[in-house]
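Student: Fold the following for me, if possible:
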Amino acid sequence: MRITKAEFLKSGTNKSHMIEGDKPEFLFCGRSNVGKSSFINGLCNRKNLARTSSKPGKTITLNMFDINDKLIFVDVPGYGYAIRSKAQIAEFGKMIDEYIKTRKQLKLAFLLVDIRHAPTEDDKTMYEYLKYFGIKTVIIATKYDKITRNQLPKQIKLIKETLGLSDDTLIPVSSETRFNLDKVEEIFDEYVK
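Tutor: Residues are numbered from 1 along each chain as shown. You can find the predicted model right below:
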């Protein structure tokens, strides 16, 4: 599905703030500074739909975007950002937990990891958490443009082994060069009525 329309709908911090309706929802999660906002902007062909920053930890709410009047993207706060207070980290965890447990519209999660490094403990925890609740998950390995083509097989193997991937899809992408964004777009086709 080619994305031709994308607009910010609203931000929220709990289920009472969620939008009504039955459009399929797609969750975007990953550690701070993994390139979540850039990935969303790349998919939508927009520079500033999701706000990017040189400082990690910009997203502090669940941000919802309407896509082609058919889907909803939900961008959640990044994890693993050391400067956050313990209280703020707990609030983020509660907010994401409530969303995942209560949203019947949630069809799939994109878990973003940095292709240059092994997934962190937080990445593993998030992946296990999504699997525990039966959320279909696609692993997006960001920043493909930062490695050489020769490094790709080794990095893919490292990510798969670290997360213990079996049947879930892993797609290396670059928001800078748009590498493999078309493969991600194809995923939405099965959810569009």
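
Student: going forward, measure contacts and count neighbours with C-alpha atoms only.
Tutor: Noted.

Student: for Glu128, helix, strand, or coil?
Tutor: The three-state assignment at Glu128 reads helix, by DSSP: H, G, I helix; E, B strand; the rest coil.

Student: what separates it from Pro153, distance-wise?
Tutor: Glu128 sits 23 Å away from Pro153, taking C-alpha to C-alpha, to the nearest Å as the criterion.

Student: Please say which of these two ends up with more neighbours.
Tutor: Neighbours around Glu128 and Pro153, counted as other C-alpha atoms under 10 Å, are more numerous at Glu128. The numbers are 14 against 9.

Student: Provide a list of residues in contact with that one.
Tutor: With contact taken as C-alpha atoms under 8 Å, 6 or more residues apart in numbering, Glu128 is in contact with no other residue.

Student: show me where pLDDT drops low in this protein?
Tutor: For the chain, the stretches flagged by pLDDT under 70 are 51-60, 80-92, 193.

Student: which strand of it spans the most residues?
Tutor: Longest among the strand segments of the chain by residue count, using DSSP state E, is strand 106-114.

Student: okay, how far is it across stretch 62-73, tip to tip?
Tutor: Taking C-alpha to C-alpha, the first and last residues of stretch 62-73 lie 10 Å apart.

Student: Any idea how far that stretch is from the middle of the chain?
Tutor: The gap between where stretch 62-73 is centred and where its chain is centred comes out at 13 Å by C-alpha atoms, centre = their mean, to the nearest Å.

Student: Give me the contacts around that stretch.
Tutor: The set of residues external to stretch 62-73 that reach it, using C-alpha under 8 Å, 6+ apart, is 3-13, 23-28, 74-77, 95-96, 192-193.

Student: Since that was my last question, I'll sign off now.
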